[in-house]
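Colleague: Here you go, sequence then predicted model.
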Amino acid sequence: AEYKDADGFIVSFWCNTCPVVKKYDQRLQDLHAKYAPKGYPVVAINPNDPAVSPGDSFEKMKETAASKNYRFDYLFDETQEVVRKYGATNTPHIYILSWRDGKLVVEYVGAIDNNVDDAGMADRKYAEDALDSILEGRPVPVAGTKAVGCTIKWKKG
């Protein structure tokens, strides 16, 4: 995908099978709708090994993206090289990155917000707070939180 106009990215380690991901699905779509036009698109990456989690195969990813009408790219990290570079441990696990002097800099890592079960009850919207701060030229108030979700399904061996 081409992102020549992006100022940064909302990288989300994501999958088809985790109940926590499913609860955050609409919130990730909302982040993309709100921040992609401002230069921060969502890029979702599925790191799970389909041999361990058959519901996370590339075919199933295509079905999920179509049925949920994803407007963001949903990529398959088949070798698990990308997830290892980032150091993500869970799905969902959010990384907000900004271009600074030709390099991507990590601005925030962790959870989308502080309420898995109910978006309306979340009183700490970590990802939105970070993005709003970046866009307003202010320091990110909370640069890291614990990612809550399902463990990544690693390849055996």
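Modeller: Happy to help now that I have it.

Colleague: what sits up against stretch 99-115?
Modeller: Stretch 99-115 is contacted from outside by 6-9, 24, 27-28, 31, 92-98, 119, 121-128, 130, 134, 140, 142-148, using CB atoms under 8 Å, 6 or more residues apart in numbering. Any C-beta I mention is one placed from the backbone N, CA and C, and that applies to glycine too.

Colleague: Which of the residues you listed fall within helices?
Modeller: 24, 27-28, 31, 126-128, 130, 134 (DSSP state H).

Colleague: got the residues you listed as JSON lines, with pLDDT and neighbour count columns?
Modeller: Compiled in JSON lines, the ones in helices among the contacts of stretch 99-115 are given as follows (pLDDT from 0 to 100; neighbours: other CB atoms under 10 Å):
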{"residue": "24", "pLDDT": "98", "neighbour count": "25"}
{"residue": "27", "pLDDT": "98", "neighbour count": "18"}
{"residue": "28", "pLDDT": "98", "neighbour count": "22"}
{"residue": "31", "pLDDT": "98", "neighbour count": "24"}
{"residue": "126", "pLDDT": "98", "neighbour count": "23"}
{"residue": "127", "pLDDT": "98", "neighbour count": "24"}
{"residue": "128", "pLDDT": "98", "neighbour count": "17"}
{"residue": "130", "pLDDT": "98", "neighbour count": "26"}
{"residue": "134", "pLDDT": "98", "neighbour count": "22"}
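
Colleague: from those residues, which two are the most distant?
Modeller: 24 and 134 (20.6 Å; CB to CB).

Colleague: the strands in this structure, which residues?
Modeller: 8-13, 42-46, 73-76, 90-91, 93-100, 103-110, 150-151 (DSSP state E).
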